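Peer 1: need coordinates for the below:
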Amino acid sequence: MIRGMTGFGGVQLQWKKVKLVVEAKSLNHRYFDIAFYLPGGFGSLESKIQQIAQKHIERGRVTVSVKVTQKPSQDIVLNKEVIQKYLRYVKDLAREFHLENDLRLSDVIRLPGAVETRESFLDPEVVWPALEKSLQRAFQGLDQMRQREGRSLAADIGDKLKQMIQQMKKIKMRSKAVLQAKRKELTVEEFGAFQKGCDVNEEMSRLEHYIQEARALLKSGASAGKKIDFIAQEMQRETNTIGSKLQDKIVVGAVVALKSKIEKIREQGQNIE
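Peer 2: This next block holds a predicted model:
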């Protein structure tokens, strides 16, 4: 079954004391295009993430984001060397200027550089095994959404193809009626020239062939978006030829209806992977 190009998958990852949110999104695009939004230091994982994405997606604009929602508690570091320097300076000042040394612990820890907080560093290579599993799950969710969209698109395009067949039947019936009327009005030579000029059997046959090709693509599991777009272009070309060959009010109406359905098929084809 064909797939659409719009999808989303998200997973919450708990790794030791760290919580992360992993998300994968995809939108329409002519080619495969990927963007990353990763924590600092995780850029080295981009190629690995891209390989996972390309196993699930052939075409579309993909965004992968990894957000750290809860970090490990910060470490508090007491810088003893800095404190010792402060205390030496305080003693020297007290002795030199005959000052009372009333420095308290609460004063010491407020001194610049005496106490530092350091964030725990996340090593991307260590986190990767757990992150890889979460990415796989996120892309599976995204893929399921794209499959659902594909089923909806296939049903819509299939309906447009049925409507095209109805319009083609009108053209065939009207073509016979026009020929019968002209046979009575024209001489044998004139009728022969007219019949040759308005013969649309070849174009109708090609349209039928393209309809069958489109139906086959809708049933296949292959990437079909570009092929459906090409088929729609060829359908439009044959329909234009029919309209130019057979100048009749009823036929013109059917041709306009055909063009409308083909244009909608082409628009939907741009949503298919």
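Peer 1: for this protein, what spans make up the strands?
Peer 2: For the chain, the strands defined by DSSP state E cover 7-15, 18-27, 32-37, 60-70, 75-78, 115-118.
Peer 1: make TSV from those strands and add mean pLDDT, mean neighbour count and distance to Glu273 to it.
Peer 2: From N, CA and C alone the C-beta is placed, and that goes for glycine too. As requested, the strands of the chain are arranged in TSV below (pLDDT from 0 to 100; neighbours: other CB atoms under 10 Å; distance: least, CB to CB, whole Å):
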stretch	mean pLDDT	mean neighbour count	distance to Glu273
strand 7-15	93	17	10
strand 18-27	94	20	9
strand 32-37	96	14	10
strand 60-70	92	18	6
strand 75-78	72	10	47
strand 115-118	72	11	46
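Peer 1: and those as CSV, adding distance to Ile171?
Peer 2: Converted to CSV, these look like this (distance: least, CB to CB, whole Å):
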stretch, distance to Ile171
strand 7-15, 39
strand 18-27, 38
strand 32-37, 40
strand 60-70, 37
strand 75-78, 79
strand 115-118, 78
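Peer 1: just tell me which of those strands ends up closest to Met145.
Peer 2: strand 7-15 (3.9 Å; CB to CB).
Peer 1: list of residues touching the closest one?
Peer 2: The contact list for strand 7-15 (CB atoms under 8 Å, 6 or more residues apart in numbering) reads 19-26, 127, 130-131, 134-135, 137-146, 149.
Peer 1: do the same with stretch 192-201
Peer 2: Stretch 192-201 is contacted from outside by Ile171, Ser175, Val178, Leu179, Lys182, Leu186, Thr241, Ile242, Lys245, Leu246, Gln247, using CB under 8 Å, 6+ apart.
Peer 1: tell me the contacts of the last one?
Peer 2: Right, the one you point to is Gln247. Residues near Gln247 by CB under 8 Å, 6+ apart: Cys198.
Peer 1: for it, give me phi and psi.
Peer 2: When read as degrees, to the nearest 10, the backbone of Gln247 gives phi -80, psi 100.
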